[in-house]
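> Here's a sequence, model it:
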Amino acid sequence: MFYDLNIALPDSAGKAGGIVSSQDWAQVAQAIERARALGYQVVALNQTINSKLVPEHLAVWKSMPAIKDAVYSWNRETGARVGGSSFDGVPRGKIRVLRRLTVIVSDTAQSQSLTGSGSATTAEYDVVAVRPTSDKLLSAASSGAWEAVDIISLDMGGRWGYFVKHKIAGQVLANGLTLEISYQPALTDSATRQQWVSNAASIVRVTRGRGVVWTSGARQAFDLRSPYDISALGEVLQLNGDLSKRGLSSSSRATLVHAFTRTSTLRAVISSVKPPSPATEASEGPAPKRAKV
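Numbers count the residues shown, from 1 in each chain. This next block holds a predicted model:
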């Protein structure tokens, strides 16, 4: 079962109360249909924000049109998330469509909705990613301090200004998180492609392919590639085909399991039974006496 956890929504979707045009939704629909044709069973539509998360960010999901053979993880009329796991199989010929949030964090104030069990708004998304813009913020994200996070996403086509170290990769694995490699920048101009190779190789070097999810980051249907093409792309980074395949299958599923556990159990809250009130005890009368033997 193959997953693509990053089909990008247009930039306008990242604004609180933002509006996506019918033309932009049509491009998203084409990308979903192409993903299904290429053999993906689950995709996540990625809403990227560069501000504090507020409930108004969810409004954009109500305007998404129905797409043939697509099974949504939310109610399109109310925008509310539908119960159930996001990683289960789907009927043959169908494709499951999830909601993903990516928060670009440039200072700690932006991470408030990602701490603890996350906000009620955060819990409406099937998967949550963070894009730290400095090594200090990357360290905070990988340490598990931002408990609402499932994926650490880096700008694969740009210069980071810091190195991803083995310690970071170890923390990511220890905390059940994943690092993302999006291949869309590799399909653009030569300079961006060279930067992508350098960035992707550094992630592969420190992770050895473990705890890595491969995504498209597609903005249009043309940006999508088949799972087998991605396995070949991994070989360019000296990553064997099996590990590349895991990034599209088992590692992606593990990410959704992590997200489902986070949102469903809310830090494993244990319910307790309340003792009966005095009024209840009085109405029930005294406890029966034990019979003498």
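
> neighbours of residue 226, just the number please.
The number of residues packed near residue 226 is 16, by other C-beta atoms under 10 Å. C-beta: built from backbone N, CA, C; applies to glycine.

> Please work out how many residues are found near the nearest residue to it once chain neighbours are set aside.
Using C-beta to C-beta, 6 or more residues apart in numbering and skipping the chain neighbours, the partner closest in space to residue 226 is residue 38 (4.5 Å). By the measure other C-beta under 10 Å, the count of residues near residue 38 is 17.

> how about residue 38, what does it touch?
Neighbouring residues of residue 38 by C-beta atoms under 8 Å, 6 or more residues apart in numbering: 224, 225, 226, 227.

> Make JSON lines from these and add secondary structure, distance to residue 124 and pLDDT to it.
Converted to JSON lines, the contacts of residue 38 look like this (DSSP: H, G, I helix; E, B strand; the rest coil; distance: C-beta to C-beta, whole Å; pLDDT from 0 to 100):
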{"residue": "224", "secondary structure": "coil", "distance to residue 124": "26", "pLDDT": "97"}
{"residue": "225", "secondary structure": "coil", "distance to residue 124": "30", "pLDDT": "95"}
{"residue": "226", "secondary structure": "coil", "distance to residue 124": "31", "pLDDT": "94"}
{"residue": "227", "secondary structure": "helix", "distance to residue 124": "29", "pLDDT": "92"}
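
> Now which of those would you call buried?
Buried members of the contacts of residue 38, counted by 16 or more other C-beta atoms under 10 Å: 224, 225, 226, 227.

> Look up how far residue 31 lies from the residue nearest to residue 226.
Look at residue 38 and residue 31: by C-beta to C-beta, to the nearest Å, they are 10 Å apart.

> Between those two, which contacts overlap?
Overlap of the contact sets of residue 38 and residue 31 (by C-beta under 8 Å, 6+ apart) consists of residue 224.

> Excluding sequence neighbours, find me the nearest residue to residue 145.
residue 115 (6.9 Å).

> what's the answer for residue 66, then?
Once flanking residues are discounted, residue 66 sits nearest to residue 76: 7.0 Å by C-beta to C-beta, 6+ apart.

> show me what contacts the one you found?
61, 62, 64, 66.

> Which positions within the lengthiest helix in the chain qualify as buried?
Assignment by DSSP state H gives helix 190-207 as the longest helix of the chain. By 16+ other C-beta under 10 Å, the buried positions in helix 190-207 come out as 192, 195, 196, 197, 199, 200, 202, 203, 204, 206, 207.

> Then stretch 45-55?
Buried, per 16+ other C-beta under 10 Å, within stretch 45-55: 45, 46, 47, 48, 49, 53.

> State the mean pLDDT of that stretch.
Per-residue pLDDT values over stretch 45-55 give a mean of 92.

> same check, this time on stretch 140-160
With pLDDT averaged residue by residue, stretch 140-160 scores 91.

> quick one: terminal-to-terminal distance for it?
Stretch 140-160 has an end-to-end distance of 16 Å (C-alpha to C-alpha, to the nearest Å).

> Likewise for stretch 209-226?
From its first residue to its last, stretch 209-226 covers 19 Å (C-alpha to C-alpha).

> Check the burial of the residue nearest to residue 30 when sequence neighbours are not counted by counting its neighbours.
Nearest residue to residue 30, sequence neighbours excluded (C-beta to C-beta, 6+ apart): residue 221, at 4.3 Å. By the criterion of other C-beta under 10 Å, residue 221 has 18 neighbours.

> Could you check how far residue 221 is from residue 29?
Distance of residue 221 to residue 29, given as C-beta to C-beta: 9 Å.

> and what of residue 6?
Distance of residue 6 to residue 29, computed by C-beta to C-beta: 17 Å.

> ok, those two, which is more surrounded?
For residue 6 and residue 29, the more surrounded residue by other C-beta under 10 Å is residue 6, and the numbers stand at 26 against 17.

> Contact partners for the more buried one?
Residue 6 neighbours (C-beta under 8 Å, 6+ apart): 44, 46, 100, 153, 180, 182, 215, 216, 217, 218.
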